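S.K.: Here is my input; please provide its structure:
(one chain, ligands or ions: 1)
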Amino acid sequence: MNFVGSHVLSVSQFDRPAIEKVFAVAAKMEPYAQRRRVTRVLEGAILGSMFFEPSTRTRVSFGCAFNLLGGEVRETTELKATSIAKGESFYDTARVLSGYSDVIVMRHELEGSVAEFATASRVPVLNGGDGANEHPSQALLDLYTIRKELHGRGKAIDNLRIALIGDLRYGRAVHSLVKLLCLFNNVQFVLVSPQELALPEPYVAAIRAAGHKVVESTQLQSSIGQADILYVTRTQEERFPSLAEAAKYKGLFRLNQSIYTEFCEPNTVIMHPLPRDSRGDANELDNDLNENPNLAIFRQTDNGITIRMALFALILDVADDVDKHARDVNWYTARRFQ
Ligand code: CP
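M.R.: Sure, this is the predicted structure:
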């Protein structure tokens, strides 16, 4: 994969060497992501950040990643605040905004919308999530997290045993992660969901075609006993025809400390793309796991900065120049990274 000047729209663009390249650059970004060093390598560059669906970590971490490389961020967060609300086409919007930016990240509720925008853009476009389709940067940071967590346990992504739990039908983070995991060897998948929210058949077929084992289940407790990673997801209520329809599925699978203690192997890693739904009728990942050292969800969100810095550095062709524009920080930095 040639990163320089490329859009990042789908994880299908990545092969294993490309993943390794992103991870190698990400590892070099850690001192900057952790605010031990400062670099100005992207000084003068502008990121156009266009999030037309709610977002906390993807929007803010893409912005922070660009700032940490020395660039500036211009945010647009609602369609109604743009001239699309006055009838302007996606094509014209893309032509205009790509004249104002060096790179664009975009989230939109419609599948394929970010790719459509990219065809008219004059600068690289990164997909920050398009409907139920894909979330490529999330999958890369998830995979990076899996690798780091397993490394500390003497394991690797090859031979991984992973349980994907929850709304596997509409969960775009799951869809992208499954595609990436298919590139590895001998992965064992356990897919835990209500039948109506099962992983769509093309993804299951891709798992089988890649030679991996896959088991589908509608029971949580009996499915998590032989997993290295539990990847829990929220019911994506915004993708359902109505909130009443989504409510039928919320709260069906709730992982808490007592279930973890009784049914999981010691040191099973708990992940979630977040946000977790902490409302009483959902609560798929209980707060009583917060002190469990195997809960990796905030290491996962920290890794989002590192991976997104790496993507910017590769796409804008500064990965080898980051250290040339660097110095130590001169302010107090809390010890908040593990
Ligand atoms: N994981 C994720 O995409 O989170 P946000 O919706 O907060 O960006």
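S.K.: Would you map the helices across the protein?
M.R.: Using DSSP state H, the helices found in the chain span residues 16-33, 57-68, 90-97, 113-120, 136-151, 172-181, 201-209, 243-247, 257-263, 297-315.
S.K.: Spit out the contact partners of the residue nearest to the spatial centre of the chain.
M.R.: Nearest residue to the geometric centre of the chain (C-alpha atoms, centre = their mean): residue 138, 1.0 Å. Residue 138 sits next to 58, 129, 172-173, 176-177, 273, 304 when contact means C-beta atoms under 8 Å, 6 or more residues apart in numbering. (Each C-beta comes from the backbone N, C-alpha and C, glycine too.)
S.K.: Can you tell me which of these is nearest residue 283?
M.R.: The closest of the contacts of residue 138 to residue 283 turns out to be residue 273 (C-beta to C-beta; 16.3 Å).
S.K.: OK, contacts around that closest one?
M.R.: Neighbour list for residue 273: 135, 138, 142, 171, 173, 231, 233, 300 [criterion: C-beta under 8 Å, 6+ apart].
S.K.: Next, work out how far apart the first one and residue 279 are.
M.R.: Think residue 135. Distance, residue 135 to residue 279, using C-beta to C-beta, to the nearest Å: 22 Å.
S.K.: Could you do the last one as well?
M.R.: Summarising the geometry, the distance separating residue 300 from residue 279, computed by C-beta to C-beta, is 21 Å.
S.K.: Tell me which of the two has more neighbours.
M.R.: Neighbours were counted for residue 300 and for residue 279 using other C-beta atoms under 10 Å; residue 300 has more, 25 against 9.
S.K.: Could you pull up the contacting residues of the closest residue to that one other than its chain neighbours?
M.R.: In space, and not counting its chain neighbours, residue 300 is closest to residue 145: 4.6 Å by C-beta to C-beta, 6 or more residues apart in numbering. Residues near residue 145 by C-beta under 8 Å, 6+ apart: 271, 296, 299-300, 303.
S.K.: Go again with 10 Å.
M.R.: Residue 145 is in contact with 229, 269, 271, 296-297, 299-304, 306-307, counting by C-beta atoms under 10 Å, 6 or more residues apart in numbering.
S.K.: picking up where we left off before, tabulate the contacts of residue 138 in a markdown table, adding columns for distance to residue 285 and pLDDT.
M.R.: Formatted as a markdown table, the contacts of residue 138 follow (distance: C-beta to C-beta, whole Å; pLDDT from 0 to 100):
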| residue | distance to residue 285 | pLDDT |
| --- | --- | --- |
| 58 | 19 | 98 |
| 129 | 20 | 97 |
| 172 | 18 | 96 |
| 173 | 14 | 97 |
| 176 | 20 | 97 |
| 177 | 17 | 98 |
| 273 | 11 | 98 |
| 304 | 18 | 98 |
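S.K.: and the residues you listed, which are buried?
M.R.: Buried members of those, scored by 16 or more other C-beta atoms under 10 Å, are 58, 129, 172-173, 176-177, 273, 304.
S.K.: picking that back up, separation between the residue nearest to the centre of the chain and residue 247?
M.R.: Computed with C-beta to C-beta, the distance linking residue 138 and residue 247 is 25 Å.
S.K.: what's the answer for residue 253, then?
M.R.: Residue 253 is 15 Å from residue 247, by C-beta to C-beta.
S.K.: Then residue 9?
M.R.: Here the criterion is C-beta to C-beta. By it, residue 9 lies 33 Å from residue 247.
S.K.: between those two, which one's more packed in?
M.R.: Neighbours per residue, other C-beta under 10 Å: of residue 9 and residue 247, the larger number sits with residue 9, 23 against 14.
S.K.: my guess is the more buried one contacts residue 135, does it?
M.R.: No. Counting by C-beta atoms under 10 Å, residue 135 is not a contact partner of residue 9; they are 11.1 Å apart.
S.K.: can you list residues touching both of those two?
M.R.: Listed as contacting both residue 9 and residue 135 by C-beta under 10 Å, 6+ apart are residue 127.
S.K.: and the nearest residue to residue 79 once chain neighbours are set aside, how many neighbours does it have?
M.R.: What sits nearest to residue 79 in space, not counting adjacent residues and going by C-beta to C-beta, 6+ apart, is residue 52, at 5.0 Å. If you count neighbours by other C-beta under 10 Å, residue 52 ends up with 22.
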